[in-house]
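> I need the structure of the sequence given here:
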Amino acid sequence: MVTRVFLLDDHEVVREGVRRLIETDEDLVVVGEAASASEALPAIAESRPDVAVLDVRLPDGDGVDVCREIRSLYPEVSCLILTSFSDDDALARAVMAGASGYVLKQIHGNDLVSSVRAVASGRTLIDPATTRRVLEELRRTHAEEDGADRLTPREREILGLIAEGKTNRQIGEELYLAEKTVKNYVSNLLAKLGMGRRSEAAAYAARLAERRAQASRHEFG
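Below is the predicted model:
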């Protein structure tokens, strides 16, 4: 039985190399290719592969987003993410998008062919421990963001200044508030976040800022 493979990568040289590697085996055949996210779905609709090998970084989008659309429109197609970069955020998104595997381009040729066969047969190459870690991190992220939503605008402002390492007195001077008033705000926001120390709040604010920066980079880059 022949496994039909689709390739999505914006570098023609990479697609050519992967195609030659895959087609050295008689039971694998490349039935379609695309160089951009916008080309991918129409080409997949036409070629109807069993496996789609997807690069993450594309000139007009993201291979993980393409994976999510493929899995929604064509659930019979297994997706294998093939990327140059080890990226925990991309891995987490790949798990949530329904990818069957996530491998680096540094992988040996025979291992890549084995990975294509594995996902074609219904196996998942993302190990359960990684999936659990990703889901736990997502749950923690949602819990933290829910906590931030409970803060008032003034409390969020003070949380940001705590993250900058400022004391209650310095915060008061910057916001034209009495130091005692700032202390009350800090106590309230710590209680809402279920925290006991300023250092916990500072670390929490830093994580939120980094996640929002990553989301912004993903949206615009």
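
> Could you point out the helix or strand that follows the worst-scoring helix or strand of the chain on mean pLDDT?
Sorting the helices and strands of the chain by mean pLDDT, DSSP states H and E puts helix 128-149 at the bottom, at a mean of 63. Downstream of helix 128-149, the first helix or strand assigned by DSSP states H and E is helix 153-163.

> Now do whichever helix or strand comes after that following helix: distance to the chain's middle.
For helix 153-163, the following helix or strand on the C-terminal side (DSSP H and E) is helix 168-175. Taking CA atoms, centre = their mean, to the nearest Å, one finds helix 168-175 lying 37 Å from the centre of the chain it belongs to.

> mind exporting helix 168-175 as CSV, just the C-alpha atoms?
Extracted in CSV, the C-alpha atoms of helix 168-175 (Å, rounded to 0.1, in the frame of the first residue of the first chain):
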residue,chain,number,x,y,z
ASN,A,168,6.0,50.7,47.8
ARG,A,169,7.5,54.1,48.3
GLN,A,170,8.8,54.3,44.8
ILE,A,171,5.4,53.1,43.4
GLY,A,172,3.7,55.8,45.5
GLU,A,173,5.9,58.5,44.2
GLU,A,174,5.3,57.4,40.6
LEU,A,175,1.6,57.1,40.9
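
> how many degrees apart are that helix and helix 153-163 in direction?
130 degrees (axes from the mean of the first three to the mean of the last three CA atoms, to 10 degrees).

> buried ones in helix 168-175?
N168, I171, G172 (16 or more other CB atoms under 10 Å). Using the backbone N, CA and C atoms, a C-beta is placed for each residue, glycine as well.

> which one of these is nearest L112?
I171 (54.1 Å; CB to CB).

> Quick check: that closest one touching K180?
No. With contacts counted by CB atoms under 8 Å, I171 stays clear of K180, the gap being 11.8 Å.

> so where's the protein uncertain?
127-148, 211-221 (pLDDT under 70).

> just so I have it, where are all the helices in it?
Using DSSP state H, the helices of the chain run over 12-22, 37-47, 63-73, 88-97, 109-120, 128-149, 153-163, 168-175, 179-193, 198-220.

> Need the CA coordinates for stretch 7-27. CSV is fine.
Written as CSV, here are the backbone C-alpha positions of stretch 7-27 (Å, rounded to 0.1, in the frame of the first residue of the first chain):
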residue,chain,number,x,y,z
LEU,A,7,5.3,18.8,1.5
LEU,A,8,4.9,22.4,2.8
ASP,A,9,8.2,24.4,2.9
ASP,A,10,9.1,27.7,1.5
HIS,A,11,12.6,26.5,0.4
GLU,A,12,12.5,24.7,-2.9
VAL,A,13,15.9,23.0,-2.1
VAL,A,14,14.5,21.6,1.2
ARG,A,15,11.4,20.3,-0.6
GLU,A,16,13.5,18.7,-3.3
GLY,A,17,15.7,17.0,-0.7
VAL,A,18,12.8,15.7,1.3
ARG,A,19,11.0,14.5,-1.8
ARG,A,20,14.1,12.6,-3.0
LEU,A,21,14.6,11.1,0.4
ILE,A,22,10.9,10.0,0.7
GLU,A,23,10.6,8.6,-2.8
THR,A,24,13.7,6.3,-2.4
ASP,A,25,11.1,3.9,-0.9
GLU,A,26,8.5,2.5,-3.2
ASP,A,27,5.8,2.6,-0.7
